[in-house]
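# got a structure for you, letters missing:
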């Protein structure tokens, strides 16, 4: 492994004969570095017939290239299972405010907050989705299998969302809020609602929202 990758890439995997070199971008946190390394090792083990030089960037999970997206999801899923095993990660999923458990998971298991948030969504007992935002718009969405609505990429963050405060005033409330489901899901029924918890990451110029169905579960969204 070595530091130094092309501009815009978070990690690279180079194969030369029987040897492989993983390079990680400078400036990543220890959690981001661990996940990037595990992600590239997964590529090495699972996608051996792919090209001899691979670059992973922050845009990969938002790509419209179906094959590239499939490979990235497979590598990320493998890294997730290795770094955040179900038996250990599930204990962080019982907090009323999900971000309390997510941050504790990230600190305890030495992974990035977005990676821990994705794992929370996968293990949550309630239908939920993680919405990652950049420049006031949705960059990517990670829904649980049971989440009933479609949140489109590039959708602007609406005023009703707790995350709107970050894009409008530089800070957002850490408290949960009940919001109209149409704030995130354009096709939602009139009167349907979601529970949203948001956090901002000013250092990365991003915000994340976890939206989940209210309790009790509605008959239809």
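Thanks, I have it. Everything numeric in this text was worked out from a predicted model, so none of it was measured. Residues are numbered from 1 along each chain as shown.
# how does the chain divide up, domain by domain?
If you go by automatic domain parsing, the domain ranges for the chain are 2-83, 86-212.
# how about these in TSV, adding mean pLDDT and mean neighbour count?
To be clear about C-beta, it is placed using only N, CA and C from the backbone, and glycine gets the same treatment. Shown next, in TSV, are those (pLDDT from 0 to 100; neighbours: other CB atoms under 10 Å):
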stretch	mean pLDDT	mean neighbour count
domain 2-83	77	16
domain 86-212	94	18
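# Show me where this protein has its helices.
Here the chain has its helices, by DSSP state H, at 30-46, 66-83, 86-89, 98-109, 113-123, 164-169.
# Quick one, which of those gets closest to residue 136.
helix 164-169 (4.1 Å; CB to CB).
# right, and residue 79 touches residue 38 too?
Yes: taking contacts as CB atoms under 8 Å, residue 79 lies within contact range of residue 38: 3.6 Å.
# Would you confirm that residue 212 contacts residue 128?
Yes: Residue 212 is in contact with residue 128 according to CB under 8 Å; the separation is 3.8 Å.
# any residues in contact with both of these two?
Counting by CB atoms under 8 Å, 6 or more residues apart in numbering, the contacts common to residue 212 and residue 128 are residue 98.
# Tell me the bridge partners for the residue nearest to residue 176 when sequence neighbours are not counted.
Counting by CB to CB, 6 or more residues apart in numbering, the nearest residue to residue 176 once its immediate chain neighbours are dropped is residue 197, at 4.7 Å. Per DSSP bridges, the residues bridged to residue 197 are residue 210.
# Thought residue 99 was touching residue 197, still the case?
Yes: counting by CB under 8 Å, residue 197 touches residue 99, with 5.8 Å between them.
# any shared contact partners between the two?
Common neighbours of residue 197 and residue 99 (CB under 8 Å, 6+ apart) are 174, 210.
# Distance of the residue nearest to residue 176 relative to residue 33?
Distance, residue 197 to residue 33, using CB to CB, to the nearest Å: 27 Å.
# And residue 141, by the same measure?
On the measure of CB to CB, residue 141 and residue 33 end up 25 Å apart.
# circling back: now distance to residue 146 too, for the helices of the chain, in TSV please.
Shown next, in TSV, are the helices of the chain (distance: least, CB to CB, whole Å):
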stretch	distance to residue 146
helix 30-46	25
helix 66-83	18
helix 86-89	17
helix 98-109	16
helix 113-123	10
helix 164-169	26
